[in-house]
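>>> Please work out how this folds:
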Amino acid sequence: MPFTDPADYFLGQRTTAEGTFMPPINSVDLLPEIHREFQCRFGELSVNAAEFYHENSKVVRSSTRRLAQNQESIASFIQHYIDTPYNYSPDTVSDINQSPILPAFHWRQQVPAAIHQLGIKDYLKYFALDAYVLSGNQLRKVLPNKQILVKDRVFGDDKLKKLADAFYGPDRDAGQKFEHFVFFVGCPWRYMMLYGPKGYRKMLVDLGHILCGLQPEIERGELCPVEYFYDNEIDRFLDLDGIEQSVQFVLGVPTPLNGSNSHE
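As a prediction, the model looks like this:
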């Protein structure tokens with residue numbers, strides 16, 4: 001198998017980020033023990049995600065430097081990813097009740113106005129982050145810069161009880177206190193395949209940027225940070241593997257006192 005420089009590979013691709021780097025394109029050359037690679041993903045082998053990626057990328061020291069010199073290409077790659085996934089039109093759905101797609105205008109009638117801007121404001125910052133909104137027993141995935149959401153799933157009472165039990169300390173009553181939750185899920189591999197291990201930090205910086213944009217709503221009490229939760233339990237609730245995708249931050253959304261979800 002000929003060796004491929006990741007910089008050349010990714011900058012030349014027009015594809016969604018998911019599924020392009022696990023196993024890494026050079027895994028046969030750089031990590032012959034393929035079974036160990038999948039142990040890192042799904043098994044009991046404990047390894048830091050950034051260190052594991054670095055194990056597959058550090059032999060090509062020029063890659064991340066070359067990527068850093070091609071910011072225009074990286075910006076184009078990220079924009080393409082944002083524009084590509086779930087690019088469906090609600091107009092093409094014959095029965096909206098059976099469709100996995102939920103029009104954003106319909107969703108905004110169901111949730112408080114404080115979260116209407118999710119995925120719209122600073123949408124490029126969502127490249128390595130997924131935002132899920134739980135309203136009652138219905139989980140929706142926010143799609144960056146789209147006027148649609150994905151109907152992810154509907155939970156039963158037993159599953160919602162497990163969510164309530166995932167909060168502790170000062171936030172132990174969060175499950176009863178809030179009708180809506182926003183889960184920010186980190187997907188660091190989308191950045192790490194471009195920047196190497198530093199992509200993990202870049203994901204966290206983007207999350208901070210998004211939360212700064214929500215600070216006015218937080219200060220007004222329209223959004224409430226929920227800081228005390230068991231990461232593994234939230235990951236299990238959302239069916240995340242805890243490695244490629246893991247919860248990073250949770251917001252509780254109180255129901256407005258006037259009962260209105262509209263800006264008007």
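>>> My read is that Val150 contacts Pro144, right?
No: counting by C-beta atoms under 8 Å, Pro144 is not a contact partner of Val150; they are 11.9 Å apart. All C-beta atoms are positioned from the backbone trio N, CA, C, and that covers glycine.
>>> And this structure, what are its domain boundaries?
6-83, 95-253 (automatic domain parsing).
>>> Just say which of those is most tucked in.
domain 95-253 (a mean of 17; mean count of other C-beta atoms under 10 Å).
>>> Make CSV out of the domains of the chain and add mean pLDDT.
Converted to CSV, the domains of the chain look like this (pLDDT from 0 to 100):
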stretch, mean pLDDT
domain 6-83, 54
domain 95-253, 91
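>>> and the residue nearest to Gly119 when sequence neighbours are not counted, what is it in contact with?
Spatial nearest neighbour of Gly119, chain neighbours left out: Val142 (4.1 Å); criterion: C-beta to C-beta, 6 or more residues apart in numbering. Going by C-beta atoms under 8 Å, 6 or more residues apart in numbering, Val142 touches Leu118, Gly119, Tyr126, Asp130, Ala131, Tyr132, Val133, Leu149.
>>> As a markdown table, the residues you listed with secondary structure and distance to Ala75 would be great.
Formatted as a markdown table, the contacts of Val142 follow (DSSP: H, G, I helix; E, B strand; the rest coil; distance: C-beta to C-beta, whole Å):
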| residue | secondary structure | distance to Ala75 |
| --- | --- | --- |
| Leu118 | coil | 22 |
| Gly119 | coil | 19 |
| Tyr126 | helix | 15 |
| Asp130 | strand | 20 |
| Ala131 | strand | 21 |
| Tyr132 | strand | 26 |
| Val133 | strand | 28 |
| Leu149 | strand | 25 |
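>>> Pick the one among these closest to Ile218.
Leu118 (13.5 Å; C-beta to C-beta).
>>> Tell me what the residue nearest to the closest one when sequence neighbours are not counted is bridged to.
The spatially closest residue to Leu118, leaving aside those adjacent along the chain, is Val142, at 4.8 Å (C-beta to C-beta, 6+ apart). Per DSSP bridges, the residues bridged to Val142 are Ala131, Leu149.
>>> For Val142, give its distance to Phe127.
Applying C-beta to C-beta, to the nearest Å, the value for Val142 to Phe127 is 13 Å.
>>> surely Met192 meets Gly186?
No: in this structure, Met192 is not within contact of Gly186 by C-beta under 8 Å, at 10.9 Å.
>>> Which of the three states applies to the closest residue to Phe127 other than its chain neighbours?
Nearest non-adjacent residue to Phe127, counting by C-beta to C-beta, 6+ apart: Ile78, 4.9 Å away. Under DSSP: H, G, I helix; E, B strand; the rest coil, the three-state class of Ile78 is helix.
>>> Against Ile115, how distant is Arg220?
13 Å.
>>> residues in contact with the residue lying closest to Cys224 once chain neighbours are set aside?
Nearest residue to Cys224, sequence neighbours excluded (C-beta to C-beta, 6+ apart): Gly252, at 4.3 Å. Going by C-beta under 8 Å, 6+ apart, Gly252 touches Ala174, Lys177, Phe178, His180, Phe181, Leu223, Cys224, Pro225, Val226.
>>> among those residues, which two are most distant?
Farthest pair in these, by C-beta to C-beta: His180 and Pro225, 13.9 Å.
>>> Quick one: the strands in the stretch 101-250 of the chain, in order.
Here the stretch 101-250 of the chain has its strands, by DSSP state E, counting those that start in this stretch, at 101-103, 129-135, 138-142, 148-154, 180-186, 224-225, 246-253.
>>> report the angle between the axes of the longest one and strand 129-135?
Translated: strand 246-253. Interaxial angle, strand 246-253 versus strand 129-135 (axes from the mean of the first three to the mean of the last three C-alpha atoms, to 10 degrees): 40 degrees.
>>> ok, now the third one?
Orientation of strand 138-142 against strand 129-135 (the same axes, to 10 degrees) gives an angle of 150 degrees.
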